[in-house]
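# Pasting a predicted model and its sequence here:
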Amino acid sequence: MKSIHAFVFILLSGVCFSQQVFRGLNAAVTVSGSGTRGTWSMSSQEGTVTAEATFNKNLGPSAFHNVSFSVPAERLKSENITLTSNARYSLNAKKFKTITFVSRACTVKDNNVSCPGRVTAAGTSVMITLHAFVRQLGPIMQLTGTQTLKLSDFLGKTPSYIFNSVIPNDEVEVSFDAMLEEKKAVAK
């Protein structure tokens, strides 16, 4: 009798859950912080994201796999040209062209996503657990969240500029907003 129940469970699992590949329609990122000269922020609308989702059509996504987010380091911009230039210099953006986050497996519970993964910036990788919120908007999913990171984890120390008169605080907030749609198979 147990084998029949197991077979029915496996059969129903295959019917109720499917794995689908999603790609980003739009992925925005903002890095903000404060320092000796007040608050600052930099942003880019040029992020890219892909993810595979285990998806229950009745309940929404139940897990994400192979999550990849990247933003070109030189595309992070501020309204302040000096800030943009100093940030690109600190990130060594000419050599390390992208800032990335990669996770193999994320869990979803009550629309809250937990993604252990690796952030790489300025050629240095740091393991974090990224927390996000997922919202299903018809065939599109939106992932949003904010993560605190330390500049010194990536740069070795907190950068300073203009003879140490401009020093950002070590902790920065990274906010992201990504819209994902199912990647359609290409007909041959």
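Cool, got the structure.

# Where does the prediction get shaky in the protein?
Within the chain, the stretches with pLDDT under 70 are 1-18, 55-59, 157-166, 184-188.

# and the longest strand for it?
strand 17-35 (DSSP state E).

# Remind me what that strand packs against, helices and strands.
In terms of contacts (3 or more Cβ pairs under 8 Å, 6 or more residues apart in numbering; DSSP states H and E), strand 17-35 is packed against strand 38-44, strand 48-56, strand 60-72, strand 171-182. Glycine gets a C-beta too; all of them are placed from N, C-alpha and C.

# got the buried residues for it?
22, 24, 26, 27, 28, 29, 30, 31, 33, 35 (16 or more other Cβ atoms under 10 Å).

# on that earlier part again, redo the helices and strands packed on strand 17-35 as JSON lines? Include distance to residue 147 and mean neighbour count.
Converted to JSON lines, those look like this (distance: least, Cβ to Cβ, whole Å; neighbours: other Cβ atoms under 10 Å):
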{"stretch": "strand 38-44", "distance to residue 147": "15", "mean neighbour count": "15"}
{"stretch": "strand 48-56", "distance to residue 147": "14", "mean neighbour count": "19"}
{"stretch": "strand 60-72", "distance to residue 147": "11", "mean neighbour count": "19"}
{"stretch": "strand 171-182", "distance to residue 147": "5", "mean neighbour count": "18"}
